[in-house]
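J.: I need the structure of the sequence given here:
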Amino acid sequence: MRFIAKRMGEAAKRLTEAEDLTQAALLDLLERMDRFPEDLDETEFLAYSLQLGRWRLASLFSRKRRDVGSSCAPEEANPAAAQTGIVTREDDRRWTRNLIDSLESTYATVMRYYHVDDLTVAEIAHNLDLSVDTVKQRLSRGRKMLRQKMSKEWSARSR
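T.: Residues are numbered from 1 along each chain as shown. I've put the predicted structure just below:
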């Protein structure tokens, strides 16, 4: 938390607190822990943890990540609440997460990293030990699958 707090500027402090960014980075770390090599030493683990903190801080200013601070933990969608009131940006994110999770895991993982976690194609390729072209291909195919699912859902609702 001190690492993130030292690097936060005034603009970042107006958007969120260091504790929230640290929590988000720790959640990212826990999600990725199963992909760590068994011989990972303490120094490499610390370096990777700090890198996740840097990525979280950088993603705070991206167009896609304006919700860090409210809660970064994924929540279950509540369709009843969404139907009775206005649809918020967080409702859209939950709906998107649920839709992505319905895909085959090879596509869902890449889509989640890119569209939910705001990682770049290069970062995803590095994290999953894939080529950049493979990541781009999976993103393209995943988007195509999502378009097909959404068009089927919308046509079923309009009947």
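
J.: what residues go with each domain of this protein?
T.: Domain ranges of the chain: 1-71, 79-159, per automatic domain parsing.

J.: CSV for those, including mean neighbour count and mean pLDDT?
T.: (Each C-beta comes from the backbone N, C-alpha and C, glycine too.) Formatted as CSV, the domains of the chain follow (neighbours: other C-beta atoms under 10 Å; pLDDT from 0 to 100):
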stretch, mean neighbour count, mean pLDDT
domain 1-71, 14, 76
domain 79-159, 14, 82
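
J.: Quick check: which element contains residue 58?
T.: helix 42-59 (DSSP states H and E).

J.: other SSEs contacting that helix?
T.: With contacts defined as 3 or more C-beta pairs under 8 Å, 6 or more residues apart in numbering; DSSP states H and E, helix 42-59 has these neighbours: helix 2-7, helix 18-32.

J.: closest one to residue 130 among the ones you listed?
T.: helix 18-32 (14.4 Å; C-beta to C-beta).

J.: now the closest one against helix 42-59, angle please.
T.: Here helix 18-32 runs at 120 degrees with respect to helix 42-59, directions being taken by axes from the mean of the first three to the mean of the last three C-alpha atoms, to 10 degrees.

J.: contacts for the helix holding residue 58?
T.: 3-4, 7-8, 12, 21-22, 24-25, 28-29, 32, 36, 65, 68, 117-119, 123 (C-beta atoms under 8 Å, 6 or more residues apart in numbering).

J.: Recalculate using a threshold of 6 Å.
T.: 3-4, 7, 21, 24-25, 28-29, 65, 118 (C-beta atoms under 6 Å, 6 or more residues apart in numbering).

J.: in this protein, which spans are helices?
T.: Along the chain, the stretches classed as helices by DSSP state H are 2-7, 10-15, 18-32, 42-59, 79-84, 89-101, 105-111, 121-128, 132-157.

J.: Give me the phi and psi for the residue most central in space within the chain.
T.: Centroid check for the chain by C-alpha atoms, centre = their mean gives residue 117 as the closest residue, at 1.8 Å. When read as degrees, to the nearest 10, the backbone of residue 117 gives phi -90, psi -10.
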